[in-house]
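[1] What shape does this take:
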Amino acid sequence: MTRETTSFVYVTYILSTPEKVFEAITRPEVARRYWGHENVSDWKPGSKWEHVRANEGRSVELVGKVIEISPPKRLVISWANASQADDPNSASRVTFEIEDYEEMVRLTVTHDELEAGSGMANGIKRGWPVVLSSMKSFLETGRAIDVFAKPKAA
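    Next comes the predicted model:
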């Protein structure tokens, strides 16, 4: 039986350059500043990547492989919880497409091959918007937003 999958697409426009947006995704010291995590890899096709929490514990939370890379326009990676790294059925795919758009960049993030109704699918619906909003704020103003903020109680 095949599993039911879903996808999530997020598009944002950033006053920046394709090179800076690509670096914000792939350079650990930049991602740490707006994401609270570092994306660690040598960024070659077939190489592994790790999403490492940028705190004292430095826990690896997500893992995957670099599927395709074409700086500064495109990056495709597999994506799985570190605890499920050995289960190929648990991996989903994230595609970053970076386009020049007049004086800005159009960033399209497509997270697909997600198991419908899974914890991962539910988590990324909340996660990507705040992370990409933080990236946009950081690249445009030098100041990120708090990606770990919680809604205020009513």
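
[2] Enumerate every residue touching the closest residue in space to I77 that isn't next to it in sequence.
    With sequence-adjacent residues excluded and distances taken as C-beta to C-beta, 6 or more residues apart in numbering, I77 is closest to G64, at 4.9 Å. Where you see a C-beta, it was placed from the backbone N, CA and C, and this is true even at glycine. Contact analysis of G64 by C-beta atoms under 8 Å, 6 or more residues apart in numbering lists K48, W49, I77, S78, W79, A80, A91, V94.

[3] For these, give me CSV that also has neighbour count and secondary structure.
    Converted to CSV, those look like this (neighbours: other C-beta atoms under 10 Å; DSSP: H, G, I helix; E, B strand; the rest coil):
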residue, neighbour count, secondary structure
K48, 14, strand
W49, 20, strand
I77, 27, strand
S78, 19, strand
W79, 21, strand
A80, 19, strand
A91, 19, coil
V94, 22, strand
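
[4] quick one: the one helix or strand the residue nearest to I77 maps to to chain centroid distance?
    If you go by DSSP states H and E, G64 is part of strand 60-70. Its chain's C-alpha centre and that of strand 60-70 lie 10 Å apart, by C-alpha atoms, centre = their mean, to the nearest Å.
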